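> Need a 3D model of the sequence below.
(chains A and B)
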There are 2 protein chains.
Amino acid sequence: MLHPLRVHIESVSKLTDEEFEYILSHFTAVKYKKHNMLVREGDLVKHEYFVLKGCLRSYITHPDTGKEFTYSFAAENWWISEREAFTKGVPAATAIECLEDCELLALSHDNRMKLGRELWKYEHYVAEKGALGYVAIQKRMQLMLMGSPKERFENFVEQYPQLYSRISKTIIASYLGVSRETISRLYRK
Amino acid sequence: MLHPLRVHIESVSKLTDEEFEYILSHFTAVKYKKHNMLVREGDLVKHEYFVLKGCLRSYITHPDTGKEFTYSFAAENWWISEREAFTKGVPAATAIECLEDCELLALSHDNRMKLGRELWKYEHYVAEKGALGYVAIQKRMQLMLMGSPKERFENFVEQYPQLYSRISKTIIASYLGVSRETISRLYRK
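Got it, this is the predicted structure:
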């Protein structure tokens, strides 16, 4: 069976066995327990992560009310990091929490840049992955602007069937920008 | 004075004069009048555009109510396209309208791919630009989730001082997801 990271890269750029082994040698396997924090607010973020197993959420805390707002999830075969901190080298403005026990492949910023310089295919993969990630978050933005709570919930279930049974209703409510009560009502239907 | 496209690319990758002239030779200058549509819903989108002059908005129309929701703007030195249609080759789900007379540089999808293959620096520019674009839309998403109408408006004015005086209050309201009346009240302060 092909390695899940290889499957992901090859959705953009076909690799030889040697190329994939070389790429993989730049990653480090890491494990986190449920409720562990992958990134805390204020951290410098030196790594991005490919998820082999488990589920995580990124969230931001309102400075006045302390209320948490979930703005993205990651599960198997997704990438996650605190993108602004990782890309610009500034302290993290948001946090990432493991919602389950997680097995991740960590890639440092230095190694991300090295792989891109050495292998055109890797740089192209990053560029295409970036374009598709932008499209995904843009569609979510459109749904937040014009979708009713019911439409947002139905779209979430349809788009992420593997997630909605694994994640608490409170957290899904904070992701969809609707109340916990609304989510419970929609679940019952 | 350096060409604005060169300034934009060189924020990521320094170029020689020859490299920039070669890149620029793949672009076509186009002009559109105020209220012209750059992209209509259902179009196949073969180009992305760098804005030399003018201001545009991307919007989506609610299928039932016909109400328009603005989800992004572009002005001088920004890129714009219908990202999903351009990247995946599917029909456009959203539209792009010129809010002023516009002068744009159009790059076809074929030429975008050709430049990336031939010049590593161009592929790297696209990858980095994608990461920064993702961060920008993610910050907007965070503000939509947790910001009050007042916070959203103040953030918009602070982030885009060059835009808020050029764009109608109705369109800004549809971008911030707040009512036209709220925007007028905030403008008066």
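> And the pLDDT for whichever residue of chain A sits closest to chain B?
Distance from chain B to each residue of chain A (C-beta to the nearest C-beta) is smallest for A:G130, at 2.8 Å. Glycine gets a C-beta too; all of them are placed from N, C-alpha and C. Here, the pLDDT recorded for A:G130 equals 92.
> Please apply the same query to A:Y71.
At A:Y71, pLDDT is 88.
> Just to be sure, it is in a strand?
Yes. Counting by DSSP: H, G, I helix; E, B strand; the rest coil, A:Y71 falls inside a strand.
> show me where chain A has strands.
A:27-32, A:37-39, A:47-53, A:56-61, A:68-74, A:79-80, A:95-98, A:102-108 (DSSP state E).
> other SSEs contacting the helix or strand bottoming out on mean pLDDT in chain A?
The helix or strand of chain A with the poorest confidence is helix A:180-188; it has a mean of 86 (mean pLDDT, DSSP states H and E). When contacts are defined as 3 or more C-beta pairs under 8 Å, 6 or more residues apart in numbering or on different chains; DSSP states H and E, helix A:180-188 packs onto helix A:149-159, helix A:169-176.
> Give me the mean pLDDT for the longest one.
It refers to helix A:149-159. 89.
> contacting residues around A:I171?
A:57, A:70, A:99 (C-beta atoms under 8 Å, 6 or more residues apart in numbering or on different chains).
> Can you pull up the residues of chain A that come close to chain B?
Counting by C-beta under 8 Å from any C-beta of the partner chain, chain A comes close to chain B at A:60, A:62, A:67, A:69, A:71-72, A:83-84, A:87-88, A:94, A:116-117, A:120, A:123-124, A:126-128, A:130-135, A:137-142, A:144-146, A:174, A:177.
> From the residues you listed, list just the buried residues.
Among the residues of chain A next to chain B, those buried by neighbour count (16 or more other C-beta atoms under 10 Å in any protein chain shown) are A:60, A:69, A:71-72, A:83-84, A:87, A:94, A:116, A:123-124, A:126-128, A:130-131, A:133-135, A:137-142, A:144-146, A:174, A:177.
> Quick check, pLDDT for A:P63.
85.
> Dihedrals phi and psi, it?
phi -60, psi -30 (degrees, to the nearest 10).
> Just give me the neighbour total for the closest residue in space to A:L44 that isn't next to it in sequence.
Counting by C-beta to C-beta, 6 or more residues apart in numbering or on different chains, A:P91 is the residue found nearest to A:L44 once chain neighbours are left out, at 6.2 Å. Residues lying near A:P91 (other C-beta atoms under 10 Å in any protein chain shown) number 14.
> Repeat that for A:P161.
Around A:P161 there are 9 residues (other C-beta under 10 Å).
> how near is it to A:E154?
A:P161 is 12 Å from A:E154, where distance means C-beta to C-beta, to the nearest Å.
> same check, this time on A:F50
Taken as C-beta to C-beta, the span from A:F50 to A:E154 is 29 Å.
> so which of the strands of chain A gets nearest B:T16?
strand A:102-108 (30.3 Å; C-beta to C-beta).
> Bridge partners for A:V39, pull those for me.
According to DSSP bridges, the residues that bridge with A:V39 are A:I96.
> For A:K46, list the residues it contacts.
A:86, A:108-109.
> so where is chain A shaky, pLDDT-wise?
When residues are selected by pLDDT under 70, none of them lie in chain A.
> which residue sits closest to A:L145, ignoring its sequence neighbours?
Nearest to A:L145 is B:F69, by C-beta to C-beta, 6+ apart, at 4.3 Å.
> Wait, the one you found touches A:L143, no?
No. Contact criterion C-beta atoms under 8 Å: B:F69 and A:L143 do not qualify, at 9.9 Å.
> Much appreciated, bye for now.
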